[in-house]
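> here is my input; please provide its structure:
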Amino acid sequence: MVSLISAAVRKTVFNKRAQFVLPAVLLVPIVLLVIYLIFETAKLSREKIRQQFALDSAAFVELQPAVTYLNATSYINAAFPYRIFRENMSTPIKADIHRGGGEDLTVYDWFYRAGAFPGAADKNNADAYQPKDSDQEWNLRYAEGTRTDWEKEDPVPAGDSEVVLTDPEISDKYFVGMDLLIENLYLYSIVYGILGDTFENQGKIYDKISKDGMFFKKSYYLNTGTCKESECGKEGARAFQDVGVKILPFTIKNLKLNHAYLHIAGQTTYHGGKEPNPVVIKASTIAGEGRDSLFQFGYLDSSSRRVLRKLRSGIDVEQSFTPPANYFNVDLKRYKPRVHVKVYLQCPAGSNNCVWPRSTPKYQLRMTP
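Below you'll find the predicted structure:
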C-alpha cells in the first residue's frame, strides 16, 4: 500500500502539468495580496490627488479677489481716465496767432498739459492707447513737471492747495473760454466721480470677502466634503491671515482752472487782452452730494507694499487631511498626511507695486507644488 502511495506521489510530482499547477496554487494568495495592495494604494492616491486639487483651487480662489482689486485700481488710476478723455476731449481748439498760438491742439492738451490726469504726452500714440501684452509697463503718466509730488509710492497730500487743471499757456494763446471750460469740467467731474465711486465700492467688497480666509475654507470644503464645513480648511487658511492689501484714495479739494478772457465783436471772438483768468472752485461743488473732495487715484499704504513683496516671493500653504481606512488596518493618520502648495501674486515691477505710480494692470497668480 505504501509503495502504491509513493508511486502516485512520484508520478504527480514529476507530471509536467502538476509542476505548473502546484506553484500557481501557492501564488494565488500572494497575487490577491498584491491586488489588494494596489487597490488600497490607488484609493489613497485618489484621496491625495483630490485633497491637492482642493488645496490648489482654494488658494487660487482666496487670492483672486486681491488680483482683481489691484488690477482694477491700476486701470482706474491711469488707463481708464486716459482713454475716456482722449476720446471725449478731442474737440480742436483755435489758436490766436496774434498771441503766439500755432500748434494744432485739442481740449485734451489743455487739460493734460496742466496735469489734470495721467496719459500719453502724444495723444496720437497708438502704442500708448492700445498697449501690447508684452509691454512690461504702461507708460501713462502726468505731464512732465506737473505732479512730481504725486508720482511717488507715498504721494504728498494735496490738502487745501489749489490744483491746476487747465494749462495757463494754452489759455493765453488759444480761444478757450468759459463755455468750453464749463462743458469739459462737467465731463471731468463726472468721470472722476464715477471712478471714485467704483474704487470705493471695490474696496468695500474686497474687505468683506477677504476676511478670515472665507473663500479658501468654502472652496476647500466644496471640493473635498470630507470635513465639517465649520472646521474645513482652517489650517490652510492661516497662511492668508496677514496678506490683505489696503489701497488709499488720493483726493483734491480745490481746483484752479485757467481760461481765456474772451469778448465777441460781431462774428469775431477776441482775447480781451488780459492774462488767463483763473477760477478757483471747491471740489465739493462738483464731486457729488456728501463729498468734500474729488478722487484722483488710489495708492498702496506701506504695509500693503510689504505684503506684496512677500507675495512676490510666494507663501506656503499646507493642509492636513484624514486618509481613508484600508484593508490592512494600517493607521495612516500617525504619518500626518498633508498637501502643500506655494502661491505667488506677481506683477512685472521688481517691487511688485504696479498700482501707483506706474499703474500697469498685470497682476497674476502662479502656483508651484
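> show me the helices in the stretch 1-150 of the chain, by range?
Per DSSP state H, counting those that start in this stretch, the stretch 1-150 of the chain carries helices over the ranges 2-13, 16-74, 80-88, 107-112, 126-129.
> quick check on Thr322: phi, psi?
Main-chain dihedrals, Thr322, degrees, to the nearest 10: phi -90, psi 120.
> what is the burial count for it?
Applying other Cβ atoms under 10 Å, we find 13 residues neighbouring Thr322. C-beta here means a position set from N, CA and C on the backbone, and glycine is covered the same way.
> and if you look at Arg147?
23.
> just checking, it touches Ala116?
No: between Arg147 and Ala116 there is no contact under Cβ atoms under 8 Å: 9.6 Å.
> point out the most buried one among the helices of the stretch 1-150 of the chain.
Most buried of the helices of the stretch 1-150 of the chain by mean neighbour count (mean count of other Cβ atoms under 10 Å) is helix 107-112; its value is a mean of 24.
> elements contacting it?
Contacting helix 107-112 under the criterion 3 or more Cβ pairs under 8 Å, 6 or more residues apart in numbering; DSSP states H and E are the following elements: helix 80-88, strand 92-93, helix 168-173, helix 178-209.
> rerun that using 7 Å as the cut-off
Here helix 107-112 touches helix 80-88, helix 178-209, going by 3 or more Cβ pairs under 7 Å, 6 or more residues apart in numbering; DSSP states H and E.
> what's the next secondary structure element after the last one?
Read that as helix 178-209. helix 214-224 (DSSP states H and E).
> which element follows that following helix toward the C-terminus?
Following helix 214-224 in sequence, per DSSP H and E, is helix 234-237.
> low-scoring stretches of this structure, by residue?
Residues of the chain meeting the criterion pLDDT under 70: 1-22, 24-25, 261-277.
> centroid residue for this structure?
The centroid of the chain falls nearest to Val67 when counting by Cα atoms, centre = their mean (2.6 Å).
> hmm, that one is touching Tyr363, no?
Yes: taking Cβ atoms under 7 Å as the definition, Val67 is a contact partner of Tyr363 at 4.8 Å.
> what's the overlap in contacts for those two?
Leu345 (Cβ atoms under 7 Å, 6 or more residues apart in numbering).
> what strands line up against the helix or strand where Pro249 lies, and which way round?
Element membership of Pro249 [criterion: DSSP H and E] is strand 247-252. Strand 247-252 sits in its sheet next to strand 294-300 (antiparallel), going by DSSP bridges.
> mind listing what's buried along the helix or strand just after the strand it pairs with?
Next helix or strand after strand 294-300 toward the C-terminus (DSSP H and E): helix 302-313. By 16 or more other Cβ atoms under 10 Å, the buried positions in helix 302-313 come out as Ser304, Arg305, Val307, Leu308, Leu311, Arg312.
> and helix 302-313, what other elements does it pack with?
Taking 3+ Cβ pairs under 7 Å, 6+ apart as contact, the helices and strands that helix 302-313 lies on are strand 338-346.
> next, the angle from the strand it packs on to helix 302-313.
120 degrees (axes from the mean of the first three to the mean of the last three Cα atoms, to 10 degrees).
> return the distance of strand 338-346 from the chain's centre.
Offset of strand 338-346 from its chain centre (Cα atoms, centre = their mean, to the nearest Å): 17 Å.
> hmm, who's touching it?
With Cβ under 7 Å, 6+ apart, strand 338-346 has contacts from 48, 51-52, 55-56, 59, 63, 66-67, 311-312, 314-321, 352, 363-369.
> got the buried residues for the helix or strand following it?
Where DSSP H and E defines the elements, the next helix or strand beyond strand 338-346 is strand 364-368. Buried positions in strand 364-368, judged by neighbour count with 16+ other Cβ under 10 Å: Leu365.
> what is the distance between strand 364-368 and the centre of its chain?
13 Å.
> packing partners for that strand?
Partner elements for strand 364-368 (3+ Cβ pairs under 7 Å, 6+ apart): helix 16-74, strand 338-346.
> between the buried residues of helix 302-313, which is nearest Pro357?
Nearest to Pro357 among the buried residues of helix 302-313: Arg305, at 12.3 Å, using Cβ to Cβ.
> identify the residues contacting that closest one.
Listed by Cβ under 7 Å, 6+ apart, the contact set of Arg305 reads Glu153, Asn353.
> mind checking how far stretch 207-223 is from the chain centre?
Distance, centroid of stretch 207-223 to centroid of chain: 18 Å (Cα atoms, centre = their mean).
> with just CA atoms, put that stretch into CSV.
Extracted as CSV, the C-alpha positions of stretch 207-223 are listed here (Å, rounded to 0.1, in the frame of the first residue of the first chain):
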residue,chain,number,x,y,z
ASP,A,207,-12.5,93.9,2.5
LYS,A,208,-15.7,91.9,3.0
ILE,A,209,-14.7,88.8,1.0
SER,A,210,-11.1,88.6,2.1
LYS,A,211,-11.7,88.3,5.8
ASP,A,212,-10.8,85.1,7.7
GLY,A,213,-9.9,83.1,4.6
MET,A,214,-13.6,82.8,3.8
PHE,A,215,-13.1,81.9,0.2
PHE,A,216,-10.4,79.4,0.9
LYS,A,217,-12.4,77.5,3.5
LYS,A,218,-15.5,77.4,1.4
SER,A,219,-13.8,76.3,-1.7
TYR,A,220,-11.8,73.6,0.2
TYR,A,221,-15.0,72.2,1.7
LEU,A,222,-16.9,72.1,-1.6
ASN,A,223,-14.0,70.2,-3.3
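> which outside residues touch that stretch?
By Cβ under 7 Å, 6+ apart, stretch 207-223 touches 53-55, 57-59, 61-62, 65-66, 227, 229, 232-234, 236-237, 240, 244.
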